[in-house]
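# All I have is the shape, not the residue letters:
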């Protein structure tokens, strides 16, 4: 394997408590057959209809309705399958999923929400049915080359555990959203490009705005949303603050845990908050409140995720919104936001399902060009299949997001590329990390006005001890792995890392 300096081309244009699948998931007979020759005679008898429970993450107000509509389309051509959609909010989803499987009432189909760490959890707990035997060459050919390759994250321990939908860069990108009219009012014809320009513009707008408008806002104190500001501003740091939004920040050049690498941008956020430049009350906001404040013209800039553009347009379709790459260090870019795979698992089949053949029919539909096309048209999230985007005009917002993706994201080595044995104990490392976790430590630094460097150095020492301990435990248990397996000394953070 070796690092190549090729361009990572755009491959496509994306994307109650969980009910169980207990019983035999087959509808009983109604007891009253339709008269022979009647137009009311069903395409499949009631006794043959199999029930499939499909649990989804409801991240947007329209998610549940979209999936129900798509399942209605599926059932029209598959009358022998009845799909019930069960939606849970993002913040409750994984906990509800765990409870359902613990009670042996897991859904037949479910989202894998949380990227590779959650995919590992799903696999280790034996919740997901491997899909290798279901996917023929024709199915795999729908997706870009490499989507189900050895290093693709659709696989865990070599087994395919989910059907992908979105281009993973869409989930990774952390653009700067800005109100063009506000910036122009205060003397800026374009968004800030460096950290010092960002601080200067945010400070000026807040001070001159006199409480009517603020230069910058964060989306809340939940670690996941707070982390967007750090990873966005930090994407130009050496290595792009690799893996910051997870719990394990491994510097792939040295193989060491290094949260200290993120401290330059945490310090920026700390100072802005201490000087009351950040919009007040952000600590109590949820994402919807951030959208409302920005759409109403009370916030000039924030750093967020790609899907938020559509939500803001729903609140204020005509606002003069700009989307740009987040500012980089004054000395210039030293790295990029990382993505380690061309595809990630999204839809999985439960190992507990008693109707696996019916569940696969649904997965086959979810892996179709028609569904990916509908998914893009609804969610405006880039999907993997190139054909699914043909003939659809891309919005101006999406064009800017794609531009930011190309400018700010590069392929980086996956932590397990050298040795996939890492997957067998990586969750133990994550679970054993010092508490509070690093995102919470940095949040505390900002909210309590504390030195993030000192906090990071203390945390890094503890975290590296945890990693050494877990490697030893793994070795004692017969798993071959060393610290050297975490190092990629020949990797250039300024280039794509491609495996031949």
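Nice, thanks for sending it over. On a predicted model such as this, the values are computed, not experimentally measured, just so you know. Numbering: from 1, shown residues only.
# quick one: low-confidence ranges for this protein?
Residues of the chain meeting the criterion pLDDT under 70: 1-47, 151, 246-247, 498-500.
# quick one: contacts for the residue sitting nearest the centre point of it?
Residue closest to the mean C-alpha point of the chain, counted by CA atoms, centre = their mean, is residue 171 at 4.3 Å. Taking CB atoms under 8 Å, 6 or more residues apart in numbering as the criterion, residue 171 is in contact with 115, 305, 306, 344. The way it works is simple: take the backbone N, C-alpha and C, and place the C-beta from them, glycine included.
# From what I see, the second one and residue 173 are in contact.
Yes: in terms of CB atoms under 8 Å, residue 305 counts as a neighbour of residue 173; the distance is 7.3 Å.
# who has more neighbours, these two?
residue 173 (28 against 21; other CB atoms under 10 Å).
# so how far is residue 400 from the more buried one?
According to CB to CB, to the nearest Å, residue 173 stands 11 Å off from residue 400.
# Equivalent analysis for residue 242, please.
Noted for residue 242: a distance of 25 Å to residue 400, by CB to CB.
# Residue 424 now?
41 Å.
# cool, residue 251 as well?
Applying CB to CB, the value for residue 251 to residue 400 is 31 Å.
# following the helix or strand hosting residue 323, which helix or strand shows up next?
Per DSSP states H and E: residue 323 is located in strand 321-324. Using DSSP H and E, the next helix or strand after strand 321-324 towards the C-terminus is strand 337-339.
# Strands of the stretch 151-300 of the chain, start to end?
For the stretch 151-300 of the chain, applying DSSP state E, counting those that start in this stretch gives strands covering 155-156, 159-160, 176-179, 250-251, 256-257.
# Could you export those strands to a markdown table, including columns for distance to residue 109 and mean neighbour count?
Formatted as a markdown table, these follow (distance: least, CB to CB, whole Å; neighbours: other CB atoms under 10 Å):
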| stretch | distance to residue 109 | mean neighbour count |
| --- | --- | --- |
| strand 155-156 | 18 | 24 |
| strand 159-160 | 15 | 18 |
| strand 176-179 | 34 | 24 |
| strand 250-251 | 33 | 22 |
| strand 256-257 | 36 | 21 |
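# Residue 467 is nearest to which of those?
Closest of these to residue 467 is strand 256-257, at 6.1 Å (criterion: CB to CB).
# Report all helices and strands that that closest one contacts.
Under the contact definition 3 or more CB pairs under 8 Å, 6 or more residues apart in numbering; DSSP states H and E, strand 256-257 sits against strand 250-251, helix 452-476.
# Reformat those as a markdown table; add distance to residue 233.
Below are the helices and strands packed on strand 256-257 laid out as a markdown table (distance: least, CB to CB, whole Å):
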| stretch | distance to residue 233 |
| --- | --- |
| strand 250-251 | 18 |
| helix 452-476 | 13 |
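# just those: most buried one?
Across the helices and strands packed on strand 256-257, averaging neighbours per residue (mean count of other CB atoms under 10 Å) puts strand 250-251 on top, at a mean of 22.
# helices or strands up against it?
Packed against strand 250-251 by the contact rule (3+ CB pairs under 8 Å, 6+ apart) you find strand 256-257.
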